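S.K.: Predicted model and sequence below, questions to follow.
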Amino acid sequence: MPELPEVETTRRDLAARIVGRTITDFALLPGAERLLRGVPAAALRDRLCGATITDVGRHGKYLLIGLGDGPILVVHLRMTGSLRHRRLGAPPDDFLRARLPLDDGSELRFVDVRKFGTLDLVDDPAEALSKLGPDAIDPAFDLKALWQGLRGRRAPVKSMLLDQRFVAGIGNIYADEALFLARLHPEAPSGSLRPAERAALHAAIGQVLRDGIANRGASFRDYTDADGAEGGQQYFVRVFRRTDQPCDDCDATIRRSIVGGRASHWCPRCQPAAQKRRRVRSTRRPAARRARSAAASLSPTTPDGSAP
């Protein structure tokens, strides 16, 4: 699945080429009907035709194509989607699902092998993004925000990094890479991180995402940029999909395990499983404890405060 660096690479490519261009048509290819969210193809075409692209933004893994004072086209690439910029008449792309011709003789093509990607037209970005946390490279996701989300949580830290409600944009690749750089085991309870570990994790998240952007994303399988070209970050990963290979830092053998239903890659020497981490105190009391507390508060007492 394209993660933040892959989507940001696409955003930057498109912003340099399509801002100021006017959409002249919209065509949905047969069999791609589920690409659309909340609006029929004919209605979407009516609203897009004649609209001028004024901005290409991003939040997490979502592309946001602004159309002046009008609606916003929200593009989610999901697992295998890509948004490509081609000249009209260029050879057809495999797995083409939709086309948006532009007034300069070029067009946007939505290509998706598995047809899981979506297009949605909204008047307010909150309609599509309300359930997402802060963007992982936004200044709002600072060290304080990181700890506010992890504090009191017993869930593995790897699972929390993948939770888009906590922070938007991190997927399996960059979660594994950030945890390696921070020297944290993926199964470490989120709320058990010490101050130095939190700082290391926050710095590592920023570092691996910046590296991914600098290398134009990771193309392990289906991801390509706006030109249909592969990225290069897959050549620089330290642990992701390097099972049974030697760690670059210590020569220990990289291991693979399942954490929260997702494959995780880690170094047993650089990221040892902590035998004794401090106990995580949940910020949410279990139901039974709440019931006992409520019952005690309602019990009658004598004037001296003792139970009768």
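M.R.: Received it, and whenever you're ready, just let me know what you need. The shown structure was predicted, so the numbers you read here are calculated from the model rather than taken from an experiment. Numbering: from 1, shown residues only.
S.K.: domain parsing for this structure?
M.R.: For the chain, the structural domains run 4-129, 143-266, going by automatic domain parsing.
S.K.: all strands of the stretch 101-250 of the chain, in order?
M.R.: Applying DSSP state E, counting those that start in this stretch to the stretch 101-250 of the chain gives strands spanning 106-112, 118-122.
S.K.: Residue 212 is nearest to which of those?
M.R.: Nearest to residue 212 among these is strand 106-112 (20.9 Å), distances taken as C-beta to C-beta. Yep, even glycine has a C-beta here, placed from its N, CA and C like the rest.
S.K.: From the contact counts, what lies against that closest one?
M.R.: helix 4-18, strand 81-87, strand 96-101 (3 or more C-beta pairs under 8 Å, 6 or more residues apart in numbering; DSSP states H and E).
S.K.: rerun at 6 Å
M.R.: Where contact means 3 or more C-beta pairs under 6 Å, 6 or more residues apart in numbering; DSSP states H and E, strand 106-112 is packed against strand 81-87, strand 96-101.
S.K.: What mean pLDDT does it get?
M.R.: Averaged over strand 106-112, pLDDT sits at 97.
S.K.: same deal with stretch 78-91?
M.R.: According to the model, stretch 78-91 has a mean pLDDT of 94.
S.K.: what comes up buried for it?
M.R.: 80, 81, 82, 83, 84, 85, 86 (16 or more other C-beta atoms under 10 Å).
S.K.: what do you get for stretch 192-204?
M.R.: By 16+ other C-beta under 10 Å, the buried positions in stretch 192-204 come out as 192, 193, 197, 198, 200, 201, 202, 204.
S.K.: Could you list the low-pLDDT ranges of the stretch 151-300 of the chain?
M.R.: Counting by pLDDT under 70, the ranges of the stretch 151-300 of the chain that qualify are 274-300.
S.K.: before we move on, what about the stretch 1-150 of the chain?
M.R.: In the stretch 1-150 of the chain (pLDDT under 70), no residue qualifies.
S.K.: As TSV, the strands of the stretch 101-250 of the chain with distance to residue 99 and mean neighbour count would be great.
M.R.: Formatted as TSV, the strands of the stretch 101-250 of the chain follow (distance: least, C-beta to C-beta, whole Å; neighbours: other C-beta atoms under 10 Å):
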stretch	distance to residue 99	mean neighbour count
strand 106-112	6	22
strand 118-122	12	21
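S.K.: Throw those into CSV and include distance to residue 33, thanks.
M.R.: What follows is those, written out as CSV (distance: least, C-beta to C-beta, whole Å):
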stretch, distance to residue 33
strand 106-112, 13
strand 118-122, 11
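S.K.: Ok, which of these comes nearest residue 30?
M.R.: Closest to residue 30 of the strands of the stretch 101-250 of the chain is strand 106-112 (C-beta to C-beta; 14.1 Å).
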